[in-house]
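Undergrad: Model the following, please.
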Amino acid sequence: EDTNPELGVMAITGGKLYVGLQQFVAPFASASGVDVAVFDAATGAYERVIRSDDSASPGRYGFNQTMFVDQNGDLYVYGIASFGFAPDQSPGFLRIKNGETEFDDYFLDTSTISMPVEGGAIGTLNGMVYGGDGYVYGTVEVRAGRSNPPIYLTDFN
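TA: Residues are numbered from 1 along each chain as shown. Okay, the predicted model is just below:
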């Protein structure tokens, strides 16, 4: 619906440039769905936009590690899902398998991962980096410790 999305994170793999397209609808929320523009990396020619409805907000501005290529050549896109401020959106990792140009059916919903912390389940990942061998490292926010909208003086997430 938004014909003027903001560019988010980018990655090059398999001769393609993948660009996450952000479409904000409120200060903390983005439009549902993950849209990624695909370009020919050698010529810069636009090819198409691919989409997944499993998450929202492809990548996070300033954190290019939210789109990365693993040791198998698979591209992963982290959907930040409005930082948890849109309860109908799920944060998590989507995948484009090496040699493919569309999202497959893989989706790791990070909001379903429980942690031994007050509040139990995590929400979104921040400051992440891919460490290799299937491990992603980063800080997590705990939704139970945050207000909606946030109150930065008293929230503990």
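
Undergrad: how about the strands in this structure?
TA: According to DSSP state E, the chain carries its strands in the segments 6-13, 16-22, 32-40, 46-56, 67-69, 75-79, 92-96, 107-109, 125-132, 135-140.

Undergrad: What helices and strands are in contact with the fourth one?
TA: For strand 46-56, the contact count by 3 or more C-beta pairs under 8 Å, 6 or more residues apart in numbering; DSSP states H and E identifies strand 32-40, strand 75-79, strand 92-96, strand 107-109 as packing neighbours. The way it works is simple: take the backbone N, C-alpha and C, and place the C-beta from them, glycine included.

Undergrad: TSV please, covering those and showing mean pLDDT and mean neighbour count.
TA: Output for the helices and strands packed on strand 46-56, formatted as TSV (pLDDT from 0 to 100; neighbours: other C-beta atoms under 10 Å):
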stretch	mean pLDDT	mean neighbour count
strand 32-40	94	19
strand 75-79	96	25
strand 92-96	96	22
strand 107-109	95	16
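
Undergrad: show me where pLDDT drops low in the protein?
TA: Across the chain, residues meeting the criterion (pLDDT under 70) sit at 1-3, 27-28.
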